[in-house]
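> only the shape, not the letters, is given here:
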């Protein structure tokens, strides 16, 4: 299949992940606002877990595809497939929670672990794509910040839950973790939309930026030759 068609397909997958993430966030807020205070029934909670499961499964495909575009590396060969498998495991864990096969604690632990590793992947991918001038600066910067927020915020949140409850230190640490990781969650959908637009535009950077174009590199062809194109400028 031509690269353009594959890029277009994966762009719509990215858009789907963004939409699912937004709707899932609304379901989560409704759950805390209307169901948690009354201890259920968790209809919004079930909708949130189901939407998250679908988004995780689609994200697994995007992780593999974008890591492939980043070029041959240990991250693409080892870490990306591991993360993709864990995303599918996370999706299964969410479905098992909805069907009451596993408990909330188990599903939450799996979700946090997957999100942390996804944060590490975001840092690696966006840094690598930017160094190669593949991602526009806006995409790589937002993606890198999301990864940093996840890597910092999630451990802080876990630490906050382990501290003595309602202690000032616990409230500060837990609040900081929720705020930082929550910021990443809020802007994740924006990043996926930007990635989808980038794929639909033929992986072009912003106007005036210089990008290396590698013959055959997108398909992993060995011995590819590299040339540099400068977009946004007219030839004299």
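Yep, that arrived. Because the structure is predicted, anything quoted here is derived from the model rather than measured.

> show me the helices in the chain, by range?
Applying DSSP state H to the chain gives helices spanning 3-30, 43-69, 74, 80-98, 104-131, 137-162, 168-200.

> would you turn these into JSON lines with mean pLDDT?
Converted to JSON lines, the helices of the chain look like this (pLDDT from 0 to 100):
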{"stretch": "helix 3-30", "mean pLDDT": "92"}
{"stretch": "helix 43-69", "mean pLDDT": "95"}
{"stretch": "helix 74", "mean pLDDT": "77"}
{"stretch": "helix 80-98", "mean pLDDT": "95"}
{"stretch": "helix 104-131", "mean pLDDT": "93"}
{"stretch": "helix 137-162", "mean pLDDT": "93"}
{"stretch": "helix 168-200", "mean pLDDT": "91"}
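
> how about the ones you listed in CSV, adding mean neighbour count and distance to residue 36?
In short, each C-beta sits where N, CA and C put it, glycine included. Shown next, in CSV, are these (neighbours: other C-beta atoms under 10 Å; distance: least, C-beta to C-beta, whole Å):
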stretch, mean neighbour count, distance to residue 36
helix 3-30, 17, 10
helix 43-69, 20, 8
helix 74, 9, 42
helix 80-98, 20, 15
helix 104-131, 18, 12
helix 137-162, 19, 16
helix 168-200, 18, 15
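
> could I get those helices as CSV with distance to residue 37?
Shown next, in CSV, are these (distance: least, C-beta to C-beta, whole Å):
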stretch, distance to residue 37
helix 3-30, 12
helix 43-69, 12
helix 74, 47
helix 80-98, 20
helix 104-131, 17
helix 137-162, 20
helix 168-200, 18
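
> ok, and the closest non-adjacent residue to residue 55?
Nearest residue to residue 55, sequence neighbours excluded (C-beta to C-beta, 6 or more residues apart in numbering): residue 20, at 4.1 Å.

> from what I can see that neighbour touches residue 58, true?
Yes - if you go by C-beta atoms under 8 Å, residue 20 and residue 58 touch, sitting 7.4 Å apart.

> return the per-residue confidence for residue 41.
We have a pLDDT of 88 for residue 41.

> please give me every residue in contact with it.
residue 35 (C-beta atoms under 8 Å, 6 or more residues apart in numbering).

> check residue 148 too.
Residue 148 neighbours (C-beta under 8 Å, 6+ apart): 119, 123.

> cutoff 10 Å now
Contacts for residue 148 (C-beta atoms under 10 Å, 6 or more residues apart in numbering) come out as 119, 122, 123, 126, 180, 184.

> redo those residues as TSV? Include distance to residue 45.
Shown next, in TSV, are the contacts of residue 148 (distance: C-beta to C-beta, whole Å):
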residue	distance to residue 45
119	24
122	26
123	30
126	32
180	23
184	21
